[in-house]
Every structure is written in C-alpha cells, then in structure tokens.
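J.: Structure for the following, please:
(2 chains)
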Amino acid sequence: MSEETREKILEVRDIHVSFGRGRKKFEAIKGVSFDIYKGETFGLVGESGSGKTTIGRAIIRINPITSGEILYHGKRISGRIDRETNRNIIRNIQMIFQDPMASLNERAKVDYIVSEGLYNIGGFTDEKDRSEKVRKAMLDVGLPPEFASRFPHEFSGGQRQRIGIARTLIMNPELVIADEPISALDVSIRAQVLNLLTELQKQYGLTYLFIAHDLSIMRFITNRLGVIYKGVIVEMGDTEKIFQNAVHPYTRALISAIPQPDPLTERDKRVYRYDPSVHHYENDPPVWTEIEADHFALINGEEKRAYEEGRVRG
Amino acid sequence: MEEKEVILSVKDLNVIFDLRGQTLTAVRGISLDVYRGESLAIVGESGSGKSVFTKSFMGMLDKNGRVSGGEILYKGQDLAKFTTQKEWREIRGKEIAMVFQDPMTSLNPLKTVGKQICEAVMLHQGLRGREAKEKTIEYLSDVGITMPKLRYNQYPHEFSGGMRQRAVIATAMACNPEILICDEPTTALDVTIQAQIIELLRDMQKKYRLTIIYITHDLGVVAKVADRVAVMYAGDIVEVGTAYEVFYNARHPYTWALLSSLPQLGVKGEKLYSIEGTPPNLFMEIRGDAFAPRNPYALKIDYELRPPYFEVSPTHRVRSWLLDDRAPKVEPPATIRRMLERWKEVEAHE
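T.: Numbering: from 1, shown residues only, chains lettered A, B, ... in the order given. Modelled structure (predicted):
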C-alpha cells in the first residue's frame, strides 16, 4: 500500500493510563502514539506487564485514559463522548479475548452469546433477521449453525475461540482488537484460527490490532508492528523492516528470544538479554527517530550514530 | 557417537483409565529407550497422552488409571509392577523428579520458598538444621536467584513467574534425581523468561549430568534443547529420531502436519497448513493407523492394519505405511520440502 492511499482509521495520540491513586499510583501507559490504517494488521508486542493489553482496552473504553486522545476516523472517542459516537464505536470496534474458556458466559447458549452485541445496539429488525445474522456469523467462522443451541462447555478450545470471533463479526465491525487470540490454544488449532482471521480480513476488509507476546506469530500475521516496553513504544514500523533491522536493544532481545523450529541455528544461538542500563540517557535523552521509511525507534543521538556506523549489528 | 547407556527402558506400555464404566486407552503400546545424559523431547497436541506416558514412570497416574500391560525398566526394577506408595517413594524425587507447567500451583503458597526446598534437601540428602539451610541457599543461587538469603524467607507470591519456576527447578535439583521430567516448563512464561529458563535447565543438565525428558508442544523449544524427539499421536509414538532427523528428515505425515502448521515456517500471505478433523476417540478401539482419517496421504491399508515401525536409520523409527516398499512415492508439503533441503547441510555437517 502506498502512503497516499492509506486511510487512517484510528489515531492514538500520546495516551497515558494509570491505575490506583496517590502513593499507589501506577502508570501503565506512559505516552503512546500510533496510527492504524484501513485494512492492515497492526501488531503490539511486548512482555507481560508492558501495557499492550491496556492499550487495547483503552481503545474500546474499558480502561479510561488519563491524558492524550484517541481518534476514530478523525473523531475523538476517548473521554466524554456523546451517545451517538458511543454507539458507533461499539458497533465498529470489537474485541476478541485471549482465553476462550473464560470469555464466554457459561450459562448462556451460543445463540445468545453471539447475538448479545446486537441486542445492545438494537442491531436487528425482528427475530427472523436476528437468527439469520447468527447463522451467517456461525458459517463465517466455520461452525455449523445448529451449534447455536448449545452451551459453551460443549465446545473445544478452538471452537470456543471461533464463537468469540463470531460474536465480533456479527456486529460487522471495521476494527477488531485481537488480544492474544491464539496463545491459549493448542498448536494444531493455532494454524486454523490464524487462517480464519486472515480469511475474514480478506472477505470483509477488516482491520486488526493484534496484541501478542509471541514475535514469531507477529512476523507471520502483521503488516506493521509496535514494540512496547514498560508502557512506552520503543520501536515501530514495517514488520519485515523491524525483523531485518531492529535498532532498539529491547527489540533485538525479543527477536533473539524467539525459539525457531530449526535445530541447526537454535543450537549455538545465545539469547541476548535486555538490560536498560546499556542506555546512557542522562545527558542525551532518547527521541523518536526515523531509521528508514516506515521504521522508527526511540533512541538517542549516540545510539543513532552507532546504528549508522553499523555498530549495532549482531 | 559412543555407546549409549540405557537408563530407562519402556516396553510395549499400555495405560488405561476407567471412566464411567468405559475404558479409555491413553497409551497404546509404546516402546522407547531413554539414554543416560540425553535430552529427549516428547511432542504432540493436547490429549495425545504425552503427560500420561511420563506420569506412569512416577506412579502419578490418577486413581482411575493404571498400567495395563508392558514394562518400565529402571535400574533392574520393573516400575510397571509397583503397587504401593512405599515402593514409589523410593523412585519419586530421588530417582525421577518432575517440573510442572504452572509454577504457581506446584509451590505451596503458605510456606516460604526456602522451607519447601529445604524439605527436599532434608528428605533426600539427610541433612539437618543449619547444614540443610546452607545447602538450600546454595541451590537457590545455583538456579540464578539473586539474594538467596533474603529469598529463602519469602513466600511464592513474592516471586515473579520466572523466579517461581527457578524455585521449582531448585526443589527438583535438591532431590538429586537421575531423570528430570519437565512438563511444559515454559508454557506459562513470557518469551524472554522462557529463554532464560531453558538455558538454566541446560546448565543444570551439564552440572548434574541429568537425563531430561521434556514434554512440550512448542517445537521452537524442542529445536533448542532436544537431542532426540519423539512425536506422539493418540497415545502412540509415531516418529522418533534425533532432533535433526525429525526436523529436517521427517517422514510421518503427522510430523509433517505439525511442522507445516507453524507460523515460523510459514510464508507470509499464504495459508498455514492445518490438520483437519479431530483426534480419534480413545474410548473406542482404533483400527489401522490412528492418524489415517486426518491424513491426506492415507493409503487403503492405513484404515485396516496398524503400521509397524520402519527404520529410516538406526536412530530414526517411523510408524507409517508410507515407508513400505510397496507404498506409492508421495510429495511432502512445501514447508517440509524446504526443511529437507537443509538435511543435506546436516549430512555435510556430520
């Protein structure tokens, strides 16, 4: 996709999220900005506690942000918004949760679980319309529509995750936030769910915000990637460029930690550990620097020079 | 390679569970030798019986499960014949120890970490009082826990996930075992921590000359740690060989399927290979090859007769009719063909 034709659908501008107050205040997100373009898959990667899930939850207004703003199609959706906008984002921004065992209501039938979103916004005309929509959503995710009369416990993990996807699809969303959608699944099921997500993206022109800690999956599925460390994005850009040319030591540590299913290379590989004390930021604070087209990193002048002289390789 | 000493030998092992009057066969006639000092990885999807198989070495099957046939030979004893807890206590911990997946559930939240490790030290090494405590602190620093004296008096909730797993490993080491079974040791951990724990396990293996059996479904981890790999499907080992053989010269269609479903090996923008259907119902008797209904390469005979092991090399056995001389030549999936390319590198390497 060329620069001009890309349409920004979501803009996150310098958001901060904190939990608790007073002495117990903890700032989970410390000024994060990124854009998501229509039709792409944008990934957020980082270790647990880095705040990647909090960002996803801030976008769909589960966690309120303390400062900054989030724009959807140029319109502010953070803070106080009117009813119309609220309804609009509920319909257009949906989320797939990590654990399909925990995210489905055990006491409701699949039929209700899938159409719950429709009930909330009055998204159907009559019962016939509703059941037709459920039927279509079930078929889209590869489940037989008859399964709608069953309860969640009757399904396997992979099938449950499909139900989770069906209930986002029924809303006909534009942006889907997928929070670790495959990490709770078995290896053989992962490929199925990844394929399904890719197919649905093609079919409906969905945009994904993909949140995960596993970089190997990110390389496969995302177009652009943001690497987040302790509530700050340290590197962002085209996924392949980041993998080929990681600049920030944290990104390099993450990439080196991916276990590759390849004994020949894996045998002699030493895992590189990220140590924040490698930075000398006292006199030369890090700034958001453009490394190449569509590839940015949070580094200081010295680190940039080191990169340009080719000293960071390896 | 020098002559290898067999430390544990499993012969035609069957494990069954009684469930509401029905019999579930979780392990169907596995034979496998484990060599001293090696790391063996057992891979397979959930429900393939990999955990049950290893639990049977420690007498840790659930109450309704039992070994219904076969032998588990360890130091001249047949563990499959053990019935009382007293017999098992001689094996468990002392000879064979285990590290579980979730470090939070394998530590007692009401006892300090030090006490828990100390318990193992006192029981298995016969030390008392200050001596035991000092030994425990030594183990703590051994597994890379900084400030071991302070950590000794802390509770599991004061430890991070990675630190807890280190403490669990310390407990296992304190038992001074010959064999360490690691059941998904890194699944609950973050990628960066994962790499550290694997390195720790490798260091421990060198230091104490351990034999480690890894149970995992993460083929990335397998590639890193394993000398040999056994692929399990529906309670049976369908392919076993050295890590190089299983990764670069895989012969069983199930191994092909596992490898080609990995995003790491996939080509961006292309569909990943996924295994259709579901694993077989183990309540029923399985006729022929258990993988046949999901196998795009299945032959007619696969539905009728269980394939024997075919030997690809002295270290590489595969249970698939495709290796029979009469079987048609099949073209493996693209991912596997790419891996086969690298097999030449391995051969050149050796």
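
J.: What count of nearby residues applies to residue 223?
T.: Reading this off chain A. By the criterion of other CB atoms under 10 Å in any protein chain shown, residue A:223 has 18 neighbours. C-betas here are computed from N, CA, C, even on glycine.

J.: could you do chain B instead?
T.: That count, for residue B:223 with other CB under 10 Å as the rule, works out to 25.

J.: Give me the three-state assignment for it.
T.: Secondary structure assignment for residue B:223 (DSSP: H, G, I helix; E, B strand; the rest coil): helix.

J.: ok, now which ones touch it?
T.: A:259-263, A:266, B:243, B:247 (CB atoms under 8 Å, 6 or more residues apart in numbering or on different chains).

J.: Inside helices: which ones of those residues?
T.: A:263, A:266, B:243, B:247 (DSSP state H).

J.: Just give the nearest non-adjacent residue to the last one, would you?
T.: In space, not counting the residues next to it along the chain, residue B:247 is nearest to residue A:263; the distance is 5.4 Å by CB to CB, 6 or more residues apart in numbering or on different chains.

J.: Touching, that neighbour and residue B:244? I think so.
T.: Yes. If you go by CB atoms under 8 Å, residue A:263 and residue B:244 touch, sitting 5.8 Å apart.

J.: Buried ones only from the contacts of residue B:223, please, as a PyMOL command.
T.: To isolate the buried members of the contacts of residue B:223 in PyMOL, using 16 or more other CB atoms under 10 Å in any protein chain shown:
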select buried, (chain A and resi 259+260+261+262+263+266) or (chain B and resi 243+247)
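
J.: which of the contacts of residue B:223 lies closest to residue B:120?
T.: residue A:259 (29.5 Å; CB to CB).

J.: Could you check the pLDDT of residue 308?
T.: As the question left the chain open, I've gone with chain A. Looking at residue A:308, its pLDDT reads 81.

J.: Chain B, not that one
T.: At residue B:308, the predicted lDDT confidence score is 93.

J.: ok, now which ones touch it?
T.: Counting by CB under 8 Å, 6+ apart, residue B:308 makes contact with residue B:319.

J.: now do the one 4 residues further on
T.: With contact taken as CB under 8 Å, 6+ apart, residue B:312 is in contact with B:241, B:245, B:249, B:251, B:318, B:323.

J.: Check what pLDDT the nearest residue to residue B:276 once chain neighbours are set aside gets.
T.: Nearest non-adjacent residue to residue B:276, counting by CB to CB, 6+ apart: residue B:294, 5.8 Å away. Predicted confidence (pLDDT) for residue B:294: 90.

J.: Give me the neighbour count for residue B:37.
T.: Per other CB under 10 Å, the neighbour tally for residue B:37 reads 15.

J.: My assumption is that it lies in a strand; please confirm.
T.: No. Counting by three-state DSSP, residue B:37 falls outside a strand, being coil.

J.: quick one, helices of chain B?
T.: Under DSSP H, chain B gives helices at B:50-55, B:85-91, B:103-106, B:113-125, B:129-142, B:148-152, B:161-174, B:191-208, B:219-225, B:243-248, B:253-260, B:334-349.

J.: Could you export these as JSON lines, including mean pLDDT?
T.: Listed next are the helices of chain B as JSON lines, based on pLDDT from 0 to 100:
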{"stretch": "helix B:50-55", "mean pLDDT": "91"}
{"stretch": "helix B:85-91", "mean pLDDT": "90"}
{"stretch": "helix B:103-106", "mean pLDDT": "81"}
{"stretch": "helix B:113-125", "mean pLDDT": "92"}
{"stretch": "helix B:129-142", "mean pLDDT": "92"}
{"stretch": "helix B:148-152", "mean pLDDT": "93"}
{"stretch": "helix B:161-174", "mean pLDDT": "91"}
{"stretch": "helix B:191-208", "mean pLDDT": "88"}
{"stretch": "helix B:219-225", "mean pLDDT": "91"}
{"stretch": "helix B:243-248", "mean pLDDT": "94"}
{"stretch": "helix B:253-260", "mean pLDDT": "93"}
{"stretch": "helix B:334-349", "mean pLDDT": "84"}
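
J.: how near is the residue of the stretch 151-300 of chain B found nearest chain A to residue B:227?
T.: Closest residue of the stretch 151-300 of chain B to chain A, CB to the nearest CB: residue B:220 (2.9 Å). Distance, residue B:220 to residue B:227, using CB to CB, to the nearest Å: 16 Å.

J.: okay, those two: which has more neighbours?
T.: A count of neighbours by other CB under 10 Å puts residue B:220 above the other of residue B:220 and residue B:227, at 23 against 16.

J.: Spell out which residues of the stretch 251-350 of chain B are next to chain A.
T.: The stretch 251-350 of chain B comes close to chain A at residues B:257-259, B:261-266, B:268, B:271-275, B:278, B:342, B:345-346, B:349, as judged by CB under 8 Å from any CB of the partner chain.

J.: Which PyMOL command selects the buried ones in these?
T.: Only the buried members of those enter the following PyMOL selection, criterion being 16+ other CB under 10 Å:
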select buried, chain B and resi 257+258+259+261+262+263+264+265+266+272+273+274+275+342+346
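
J.: Please name the residues that touch the residue most central in space within chain B.
T.: What sits nearest the mean C-alpha location of chain B, by CA atoms, centre = their mean, is residue B:215, with 2.5 Å. Neighbouring residues of residue B:215 by CB under 8 Å, 6+ apart: B:41-42, B:50-51, B:54, B:181-184.

J.: Identify the bridge partners of it.
T.: Per DSSP bridges, the residues bridged to residue B:215 are residue B:42, residue B:183.

J.: Just give the closest residue to the closest residue to chain B within chain A, not the sequence neighbours.
T.: Distance from chain B to each residue of chain A (CB to the nearest CB) is smallest for residue A:259, at 2.9 Å. Spatial nearest neighbour of residue A:259, excluding adjacent residues (CB to CB, 6+ apart): residue B:220 at 2.9 Å.

J.: just checking, that neighbour touches residue A:265?
T.: No. Using CB under 8 Å, residue B:220 is not in contact with residue A:265, being 11.0 Å away.

J.: and the end-to-end length of stretch A:141-157?
T.: 14 Å (CA to CA, to the nearest Å).

J.: Backbone dihedrals for residue B:325, please?
T.: Main-chain torsions, residue B:325, degrees, to the nearest 10: phi -60, psi -30.

J.: Give me the pLDDT for it.
T.: 90.

J.: now do residue A:5
T.: Per the predicted model, pLDDT is 68 at residue A:5.

J.: next one: residue A:64
T.: 91.

J.: The closest residue to residue A:93 other than its chain neighbours: what's it in contact with?
T.: Distance criterion CB to CB, 6+ apart; nearest residue to residue A:93, sequence neighbours excluded, is residue A:175 at 4.8 Å. Residue A:175 makes contact with A:9-10, A:36, A:72, A:92-94, A:206-209 under the criterion CB under 8 Å, 6+ apart.

J.: want to try CSV for those residues, with pLDDT, secondary structure and distance to residue B:196 as columns?
T.: Formatted as CSV, these follow (pLDDT from 0 to 100; DSSP: H, G, I helix; E, B strand; the rest coil; distance: CB to CB, whole Å):
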residue, pLDDT, secondary structure, distance to residue B:196
A:9, 93, strand, 39
A:10, 94, strand, 35
A:36, 95, strand, 33
A:72, 93, strand, 40
A:92, 92, helix, 41
A:93, 93, strand, 37
A:94, 93, strand, 36
A:206, 94, coil, 37
A:207, 95, strand, 35
A:208, 95, strand, 31
A:209, 95, strand, 29
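
J.: Now render those residues as TSV, adding neighbour count.
T.: Output for the contacts of residue A:175, formatted as TSV (neighbours: other CB atoms under 10 Å in any protein chain shown):
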residue	neighbour count
A:9	20
A:10	22
A:36	22
A:72	22
A:92	18
A:93	24
A:94	23
A:206	23
A:207	23
A:208	24
A:209	27
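
J.: Closest to residue A:140 out of the residues you listed?
T.: Of the contacts of residue A:175, the one sitting nearest to residue A:140 (CB to CB) turns out to be residue A:206, at 11.3 Å.

J.: gap between the closest residue to that closest one other than its chain neighbours and residue A:40?
T.: The shortest distance from residue A:206 to any non-neighbouring residue, by CB to CB, 6+ apart, is to residue A:176 (5.5 Å). The gap separating residue A:176 from residue A:40 is 12 Å, by CB to CB.
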